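Engineer: let's see this in three dimensions:
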Amino acid sequence: MGILNVTPDSFSDGGRYYSLELACKHAEKMLKEGADWIDIGGESTRPGAEEISLQEEQRRILPVIQELIHRFPSIQISVDTKNSDTAKKAIQLGAKMVNDVTAGRYDETMFQVIAESNVYYVMMHSRGDSKTMMNFTHYNNLIHDIYTELMSRVKKAISAGVHQNQIIVDPGIGFAKTSQQNLIILKNLNELKKWNYPILIGASRKSFIGAIDQSSPQDRLGGSIAVASICAYFRVDYIRVHDVKETVQAIQVVHSIFSS
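Structural biologist: I've put the predicted structure just below:
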């Protein structure tokens, strides 16, 4: 899954694709490099990010979705949003997945929108919001607590009419997690695979990599590839990345090693 941030302030590539033409060119590049999905977001979810209006989010991303589907009719688009109205309009334009970092906590109408469609729904574990999430990093048992909290959201979604086959779960690397906790999650991917839902991991260029070697977001390719390789080894279903070409190559090598 290639990341397309149509934002001025995302932690790694904010402002780089903040126009329709630049966004479409970058999406085309990622598709050529082997991305199966393009995940389009209009609001930064990095710690401390400012919330934007619904209208501004839609102004940023809906024209990009419309244009990409016009240029590439077979493209698989995921919309990264916590707003049900944005999700609904993106689905109407042709998006086939909704990636919700709040798992419906922010806007429970999201469940109804997903239930009325046949799109995939990524439910990510998080606590608080962009301003407060790093105040909620205490867990009694990290993996168990993430599972319990996430499955409570999954149950609510299913009770609201979302089909089990639509759901993908994400443990939320970097969201209400310390750097060490992020490493623990990645060390326990085999446990996550027992959750009986497809797993998505989004760890590309995140700060826990920089905590290891003090690198900037743009200098974390090696660490991101290391995470992607671990994910490939454990057969994680979706890997959300900035650097598609290099990640695809790493995944192909890992799969080739273990199928030889």
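
Engineer: going by C-alpha atoms from here, please, whenever you check contacts or count neighbours.
Structural biologist: OK.

Engineer: can you pull out the low-pLDDT segments for this structure?
Structural biologist: 9-18 (pLDDT under 70).

Engineer: now the strands for it?
Structural biologist: Under the criterion DSSP state E, the chain carries strands at the ranges 2-5, 38-41, 77-80, 97-100, 120-124, 167-170, 200-201, 238-239.

Engineer: so how far is the last one off the chain centroid?
Structural biologist: A distance of 8 Å separates the C-alpha centroid of strand 238-239 from that of its chain, computed with CA atoms, centre = their mean, to the nearest Å.

Engineer: what pairs with it, parallel or antiparallel?
Structural biologist: strand 200-201 (parallel) (DSSP bridges).

Engineer: just the second one next, same as before
Structural biologist: Sheet pairing here is set by DSSP bridges, and for strand 38-41 it gives strand 2-5 (parallel), strand 77-80 (parallel).

Engineer: in CSV, list the ones you listed along with distance to residue 39.
Structural biologist: Below are the strands paired with strand 38-41 laid out as CSV (distance: least, CA to CA, whole Å):
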stretch, distance to residue 39
strand 2-5, 5
strand 77-80, 4
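
Engineer: these: which one's closest to residue 50?
Structural biologist: Taking CA to CA, strand 2-5 is the member of those nearest to residue 50, at 15.0 Å.

Engineer: in contact with the closest residue to residue 52 other than its chain neighbours, which residues?
Structural biologist: For residue 52, ignoring the flanking residues on the chain, the nearest one in space by CA to CA, 6 or more residues apart in numbering is residue 43 at 6.7 Å. Each residue near residue 43 by CA atoms under 8 Å, 6 or more residues apart in numbering is listed here: 5-7, 10, 51-52, 57, 81.

Engineer: just the residues you listed: which are in helices?
Structural biologist: Among the contacts of residue 43, the members found in helices (DSSP state H) are residue 57.

Engineer: buried members of the contacts of residue 43 into ChimeraX, please.
Structural biologist: Those of the contacts of residue 43 that count as buried under 16 or more other CA atoms under 10 Å are selected in ChimeraX with:
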select :5,6,7,10,57,81
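
Engineer: so which of the contacts of residue 43 is the closest to residue 253?
Structural biologist: Nearest member of these to residue 253, counting by CA to CA, is residue 5, at 27.8 Å.

Engineer: that closest one reaches residue 46, doesn't it?
Structural biologist: No: Residue 5 is beyond contact range of residue 46, at 11.8 Å (criterion: CA atoms under 8 Å).

Engineer: gap between residue 214 and residue 136?
Structural biologist: Distance of residue 214 to residue 136, given as CA to CA, to the nearest Å: 24 Å.

Engineer: neighbour count: these two, which is higher?
Structural biologist: Comparing residue 214 with residue 136 by neighbour count (other CA atoms under 10 Å), the higher total belongs to residue 136, at 15 against 12.
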